[in-house]
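Student: Just need the structure, nothing else, for what follows:
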Amino acid sequence: MSIEKVVIIGRGALGIMYGEALARKIGFRSVAFLADAERVHLYRSQQVLSNNRLCPFRYETAESYRDTADLVLFAVKGTQLEEAISIARPVVRPDTVIVSVLNGIVSEEIIEERLGSGRVVWSVAQGMDALKRGTQLVYSHIGELCLGLPPGREANRPALKELEAFFTRVELPFLHEEDIMRRMWAKWMLNVGCNQTVMVARGDFSTVQKPGPVRDRMIGAMREVQALARASGISITEDDVKLYVGFIDTFLPNGMPSMRQDGLAKRKSEVEFFAGTVIRKARALGVPVPINEALYREVKAIEATYQDA
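Tutor: Modelled structure (predicted):
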């Protein structure tokens, strides 16, 4: 099957970035953003710019789309995943390829449970520097998508091959990962440490780039994920921890991870996909994770103040 019709759920930074990249290759009518009626009405009234280029995106509800998709790309936050799956369900066929660029290590499993097995491709989005303000996106690096399948998903291999052939055709950078779970856990380890620590410290990337207790806490949270990975049969080494801390040190000091931005905007964060998942998996495996337990409590305490704002 050749992928010709693409549906994207989520018009955040990654949704816009990948949407534009694909639409400029296969046409803006062939790439549709799916949303509920209220969002579609809003989106159709707005202009989206990507690096100052106008993006005449197509916006549809599942009813107005009146078709099915060859590829569905989920680009929402974890807190919106269940709603996004419901929106996508009417356009998904048994042979629709599905890929998620959400943070964390559980979105693919959730999507498979809700939409059926055999068509989901596991992925990690990395290396991009996209920043969205309102309806304007700015980026200098599109990064790459790491694509692969975990053990026991041989039935998904045709979907992986179709997606890689499509990305090759449209020249979207990707890497084929033989051990995709190791890559996903390593990226998750970074997010668990950096996102949560910066949010509760009410800082920016510079807060964890300089020596001190906040940086030590971030690394401690990452090492708890490393221990949990080991107990789960995933090899995350001390060199991996140092490598991903090194990545954090290259971020713009005055930049902020998504959870900190959520905190400033008084939005619910993805803490359930980070510390929440760490804690649930750790309890099942008997792995102590006191730093993540504390971060979870502190994030929840911050979020509890939003209703009073």
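
Student: quick one: Phe74 and Glu112, what's the gap?
Tutor: Phe74 sits 12 Å away from Glu112, taking Cβ to Cβ, to the nearest Å as the criterion. C-betas here are computed from N, CA, C, even on glycine.

Student: who's more crowded, those two?
Tutor: For the pair Phe74 and Glu112, the greater number of neighbours falls to Phe74 (27 against 16), based on other Cβ atoms under 10 Å.

Student: For this protein, which segments count as helices?
Tutor: Secondary structure of the chain (DSSP state H): helices at 13-26, 37-44, 62-65, 81-88, 107-115, 157-170, 180-201, 205-209, 213-231, 238-249, 258-264, 277-285, 290-304.

Student: For stretch 179-197, the averaged confidence score.
Tutor: In this model, stretch 179-197 carries a mean pLDDT of 95.

Student: Just the C-alphas of it, formatted as PDB.
Tutor: What follows is stretch 179-197, C-alpha atoms only, in PDB (Å, rounded to 0.1, in the frame of the first residue of the first chain):
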ATOM      1  CA  ASP A 179      16.100  -1.700  19.600                       C
ATOM      2  CA  ILE A 180      13.400   0.900  19.600                       C
ATOM      3  CA  MET A 181      12.500   0.300  23.300                       C
ATOM      4  CA  ARG A 182      16.000   1.200  24.400                       C
ATOM      5  CA  ARG A 183      15.800   4.400  22.500                       C
ATOM      6  CA  MET A 184      12.300   5.200  23.900                       C
ATOM      7  CA  TRP A 185      13.400   4.500  27.500                       C
ATOM      8  CA  ALA A 186      16.500   6.700  27.100                       C
ATOM      9  CA  LYS A 187      14.400   9.600  25.700                       C
ATOM     10  CA  TRP A 188      11.800   9.000  28.500                       C
ATOM     11  CA  MET A 189      14.600   9.100  31.100                       C
ATOM     12  CA  LEU A 190      15.600  12.600  29.800                       C
ATOM     13  CA  ASN A 191      12.000  13.800  30.000                       C
ATOM     14  CA  VAL A 192      11.400  12.300  33.400                       C
ATOM     15  CA  GLY A 193      14.400  14.100  34.800                       C
ATOM     16  CA  CYS A 194      14.400  17.400  33.000                       C
ATOM     17  CA  ASN A 195      10.700  18.200  32.500                       C
ATOM     18  CA  GLN A 196       9.600  17.500  36.000                       C
ATOM     19  CA  THR A 197      12.600  19.000  37.800                       C
END
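
Student: Could you list the buried residues of it?
Tutor: For stretch 179-197, burial by neighbour count (16 or more other Cβ atoms under 10 Å) applies to 180-197.

Student: same deal with stretch 169-177?
Tutor: By neighbour count with 16+ other Cβ under 10 Å, stretch 169-177 contains the buried residues 172, 174-175, 177.

Student: With respect to Arg29, which of these is nearest?
Tutor: Arg29 lies nearest to Leu172 out of the buried residues of stretch 169-177, by Cβ to Cβ, at 18.5 Å.

Student: so how far is Gly78 from His157?
Tutor: Check again: residue 157 is Arg, not His. Arg157 is 27 Å from Gly78, by Cβ to Cβ.

Student: So those two - more neighbours on which side?
Tutor: Between Arg157 and Gly78, Gly78 has the larger neighbour count (other Cβ under 10 Å), namely 23 against 12.

Student: At the geometric centre of this structure, which residue do we find?
Tutor: Residue closest to the mean C-alpha point of the chain, counted by Cα atoms, centre = their mean, is Leu102 at 2.0 Å.

Student: can you pull the pLDDT of Asp308?
Tutor: pLDDT, Asp308: 57.

Student: got a list of what the residue nearest to the centre of the chain touches?
Tutor: Contacts here follow Cβ atoms under 8 Å, 6 or more residues apart in numbering; on that basis Leu102 touches 74-78, 81, 273.

Student: Pick out the most distant pair among the buried residues of stretch 169-177.
Tutor: Farthest apart among the buried residues of stretch 169-177 by Cβ to Cβ are Leu172 and Glu177. That separation is 15.5 Å.

Student: Met218: what's it in contact with?
Tutor: The contact partners of Met218, by Cβ under 8 Å, 6+ apart, come to 193-194, 197-198, 208, 245, 248.

Student: Apply 10 Å and report the result again.
Tutor: Met218 sits next to 190, 192-198, 201, 207-209, 245, 248, 291, 295 when contact means Cβ atoms under 10 Å, 6 or more residues apart in numbering.

Student: Go through the residues you listed and name the one nearest Ser117.
Tutor: Scanning the contacts of Met218 for proximity to Ser117, where the rule is Cβ to Cβ, the winner is Val192, at 27.0 Å.

Student: That'll do, ta.
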